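Trainee: Below is the sequence, then the predicted model.
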Amino acid sequence: MDARTVAVVGGGVLGTSTAAALARHGARVVLLTEAGLASGASGRSLSWLNSAGPYAPEYHRLRLLGLERYRALAGREHPDFLRFAGALSWSAPDDSARSRSAYAHLREIGYPAEWLAPADVAARVPGVDPAAVPSSGALLTPADGWVDLPRLVERLAADVAAAGGAVRTGTGRCEVVVADGAVTGVRTGTGELVPADAVVLATGAGVPAAAARLGVELPDASPVSVLVRTLPVRTPLHAVLNTPRVSVRPTADGRLVLDSAWSEEELTSAGGAEVAPSTVQRLLAEASAVLAGHPALTRDSVGTGRKPVPGDGQPVLGPLPAVAGLTVAFTHSGATLGLVAGELLAGEVLTGRPNPLLEPFRPARFAGG
């Protein structure tokens, strides 16, 4: 393919995936990230791999392709940072109709889904306390999985370097440099100019602000999020749990990662300040309450920051029409789409040919995009 120089800005899963695909196909790649690899949203993600929501058909199709790419990686290399052990979800007792509706939708579109009575949960999803499941039951999506994104990002960055690309961390906030309506490179936070024939901007929730500095509006609904990581704990849990009060995902090294909607709301109401110790303790307590044996959970780390969410909830992937040579990647589903989005965007950058799978998600759908 083309041997153009491409600068990729962003050290999360979308940036490193795109950079790895570009380098693999012969591009001269420079990967730039403001701080460390996975120091943004990719380091604070629950990283549930799924397409178990009420998604539009074209979005569902792209997510299914994303899952396929992960399954291919799992089958080929068996990495310990990736596992397909299913996901179990339930609603509050007074809102069970919502879970039932989700189950009916998934069955209708052919997505693997089962409805479990509380008595069946222990055998199907070890590590869950059946008493925490409402009497109406819970939704099991057995084909879902999870990935430890920081580990995957490290692997992808290593792939970039192995293919001859450059990986530069700690560059400070980078700015796209434009002349006569086309990109000419990237200026790092230290003032260095990195020349490039094309630029991929994959800075998570920072994409809309960067686009705005170039005169393009991309609607942004990115909230502030909280992710708590525990110290290692003995539990047989391998699946992802999504419950009314907490979501739980195991890790390869025996830890758990936790998040919830209410903790995000508490952080937002506090003005996005440091997470209150009471919020962390409540998350730990909520997670213990849904686990078999109610193990004592201890905080290891707490991550806060903006979670990338486009204004209409749909991915924003592809060229920015107002700036020739500039491609953006901005989506809430960075984990599920990480590998496939990087592959498809790299193909477009190198060939100049639009991929029809990405057509519904173009920045141009917004006024001014």
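Mentor: Looks like it arrived, so ask away.

Trainee: list the buried ones in stretch 147-163?
Mentor: The neighbour-count check on stretch 147-163 (16 or more other C-beta atoms under 10 Å) flags 147-153, 155-157, 159-160, 163 as buried. (C-beta placed from N, C-alpha, C; glycine too.)

Trainee: Which two of the residues you listed have the greatest separation?
Mentor: D148 and A163 (22.7 Å; C-beta to C-beta).

Trainee: Mark which of the buried residues of stretch 147-163 are part of strands, please.
Mentor: Mapping the buried residues of stretch 147-163 onto strands (DSSP state E) picks out V147.

Trainee: Same list, the buried residues of stretch 147-163, but as JSON lines with distance to R124 and pLDDT please.
Mentor: Converted to JSON lines, these look like this (distance: C-beta to C-beta, whole Å; pLDDT from 0 to 100):
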{"residue": "V147", "distance to R124": "22", "pLDDT": "98"}
{"residue": "D148", "distance to R124": "23", "pLDDT": "97"}
{"residue": "L149", "distance to R124": "26", "pLDDT": "97"}
{"residue": "P150", "distance to R124": "29", "pLDDT": "97"}
{"residue": "R151", "distance to R124": "27", "pLDDT": "97"}
{"residue": "L152", "distance to R124": "27", "pLDDT": "98"}
{"residue": "V153", "distance to R124": "32", "pLDDT": "98"}
{"residue": "R155", "distance to R124": "31", "pLDDT": "98"}
{"residue": "L156", "distance to R124": "33", "pLDDT": "98"}
{"residue": "A157", "distance to R124": "37", "pLDDT": "98"}
{"residue": "D159", "distance to R124": "36", "pLDDT": "98"}
{"residue": "V160", "distance to R124": "40", "pLDDT": "98"}
{"residue": "A163", "distance to R124": "42", "pLDDT": "97"}
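
Trainee: of all the buried residues of stretch 147-163, which comes closest to N355?
Mentor: Of all the buried residues of stretch 147-163, L156 has the smallest distance to N355: 20.0 Å, by C-beta to C-beta.

Trainee: Can you name the element that comes right after the worst-scoring helix or strand of the chain on mean pLDDT?
Mentor: Ranked by mean pLDDT, DSSP states H and E, the weakest helix or strand in the chain is helix 261-269, scoring a mean of 82. Helices and strands here follow DSSP states H and E; after helix 261-269, the next one along the chain is helix 277-290.

Trainee: Run through the residues that contact R151.
Mentor: 79, 81, 252 (C-beta atoms under 8 Å, 6 or more residues apart in numbering).

Trainee: Among these, name the buried ones.
Mentor: 79, 81.

Trainee: Okay, and which of the contacts of R151 map to strands?
Mentor: Reading strands off the contacts of R151, I find no matches (DSSP E).

Trainee: so where's the stretch 151-300 of the chain uncertain?
Mentor: Where the stretch 151-300 of the chain drops to pLDDT under 70, the residues are 268-273.

Trainee: Now for R98, how many residues are close by?
Mentor: For R98, the count of nearby residues is 13 (other C-beta atoms under 10 Å).

Trainee: In three-state terms, how would it be classified?
Mentor: Following DSSP: H, G, I helix; E, B strand; the rest coil, we place R98 in the helix state.

Trainee: going forward, begin numbering at 58 instead of 1
Mentor: Renumbered: residue one is now 58, and that last one reads R155.

Trainee: Could you check the pLDDT of it?
Mentor: Per-residue confidence for R155 comes out at a pLDDT of 90.

Trainee: Now do the nearest residue to it once chain neighbours are set aside against S193, distance only.
Mentor: Nearest non-adjacent residue to R155, counting by C-beta to C-beta, 6 or more residues apart in numbering: S148, 4.9 Å away. Look at S148 and S193: by C-beta to C-beta, to the nearest Å, they are 8 Å apart.

Trainee: Perfect, that will be all.
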